[in-house]
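Undergrad: All I have is the shape, not the residue letters:
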């Protein structure tokens, strides 16, 4: 899939306008001060006042801006030029000095010359990347010695199922690119867009071993039987802000989080 970047950039550009208007991203409330960060990542972040943060695959930057509101010096990057422009506009409206750069993850070392206290990424990011060895290398490249990598992501067990969660339809391991077409978007299934995309499944072993290979020492690893987002089919909000697949309940992990330290 040599043209996967172009395909996925077009896909994410198409999502920006419907996402900005969706309840999923609650832009009006966000502009009034609501954070987009969840308890899972907030526990790992702790006090970040005065810290430099690189946010990989930031979409239109709500987490980036939320991190800025916590007192960090934040740079968000994303493949989508439309998302980056929206992020700059949001930051201006919110009165933060969040910086944004349009770049894919792998090209970033050629564009950005800076080291960071924290590299951060969250929810639905690594599936767009074919090579986690290169991904971990980029993270390591941008971390200061002793710097922290913080990640929250959907669990690979979730991506094994079909959309209705009735059968195992995909390989747990990174076997090959997954090329599909989707109508609407996870944030608004009625959105009038039809987009092709290219993704890869990544096992926990693939994630963790590549980080270890690039001298990122695992400090914390957690798994959760719920998602902070209702972005899957047939979800049930069993507690406020916590969703599970209704007919599966707490039988599968839905999210994992980790914190690593650059040696």
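TA: Sure thing, it's come through. Remember, it's a predicted structure, so these values are computed and weren't measured experimentally. Numbering: from 1, shown residues only.
Undergrad: Mind listing what's buried along the longest helix anywhere in the chain?
TA: Across the chain, the longest stretch assigned as helix under DSSP state H is helix 4-21. When burial is assessed from 16 or more other Cβ atoms under 10 Å, helix 4-21 yields the following buried residues: 4, 5, 8, 9, 11, 12, 14, 15, 16, 18, 19, 20. Heads up, the C-betas are built off the backbone N, CA and C, glycines and all.
Undergrad: Quick check: which helices or strands does that helix pack against?
TA: If you count contacts as 3 or more Cβ pairs under 8 Å, 6 or more residues apart in numbering; DSSP states H and E, helix 4-21 packs onto helix 81-94, strand 194-199.
Undergrad: per-residue confidence averaged over the first one?
TA: Just to be clear, that refers to helix 81-94. Regarding helix 81-94, the rounded mean pLDDT is 98.
Undergrad: and what of the last one?
TA: Averaging pLDDT along strand 194-199 gives 95.
Undergrad: what does stretch 62-70 give?
TA: pLDDT averaged over stretch 62-70 gives 98.
Undergrad: Can you give the contact residues for it?
TA: Stretch 62-70 is contacted by residues 25, 30, 33, 35-37, 45, 48-49, 53, 55, 58, 74-76, 87, 90-91, 94, 96-98, 100, 120, 122 when judged by Cβ atoms under 8 Å, 6 or more residues apart in numbering.
Undergrad: if we can go back for a sec, please tabulate the buried residues of helix 4-21 in TSV, including the columns distance to residue 175.
TA: Below are the buried residues of helix 4-21 laid out as TSV (distance: Cβ to Cβ, whole Å):
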residue	distance to residue 175
4	16
5	21
8	19
9	24
11	21
12	24
14	27
15	26
16	31
18	31
19	30
20	35
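Undergrad: And the pLDDT at residue 14?
TA: Model confidence at residue 14 (pLDDT) stands at 96.
Undergrad: Can you tell me, leaving aside adjacent residues, what's nearest to residue 163?
TA: Leaving aside its chain neighbours, residue 163 sits nearest to residue 233 (5.4 Å; criterion: Cβ to Cβ, 6 or more residues apart in numbering).
Undergrad: mind listing the strands for the chain?
TA: 52-55, 73-78, 99-102, 116-122, 143-154, 178-183, 194-199, 216-224, 235-239, 242-245, 255-262 (DSSP state E).
Undergrad: hang on, residue 119 packs against residue 137?
TA: No - Residue 119 lies out of contact with residue 137 (Cβ atoms under 8 Å); the separation is 11.9 Å.
Undergrad: In terms of neighbours, single out the busier of these two.
TA: residue 119 (26 against 16; other Cβ atoms under 10 Å).
Undergrad: contacting residues around that one?
TA: 53, 54, 56, 139, 142, 143, 147, 148, 149, 150.
Undergrad: distance of the last one from residue 83?
TA: Using Cβ to Cβ, to the nearest Å, residue 150 is found at 21 Å from residue 83.
Undergrad: do residue 258 as well
TA: 25 Å.
Undergrad: of these two, who's got more company?
TA: Using other Cβ under 10 Å as the criterion, residue 258 and residue 83 rank with residue 83 on top: 25 against 21.
Undergrad: In contact with the more buried one, which residues?
TA: Residue 83 touches 12, 13, 16, 58, 59, 60, 61, counting by Cβ under 8 Å, 6+ apart.
Undergrad: returning to what we had before: any idea which of the strands of the chain gets closest to residue 164?
TA: Among those, the nearest to residue 164 by Cβ to Cβ is strand 242-245 (9.5 Å).
Undergrad: now for that closest one, which elements pack on it?
TA: With contacts taken as 3+ Cβ pairs under 8 Å, 6+ apart, strand 242-245 sits against strand 235-239.
Undergrad: I'd like the mean pLDDT over the strand it packs on, please.
TA: Mean pLDDT, strand 235-239: 97.
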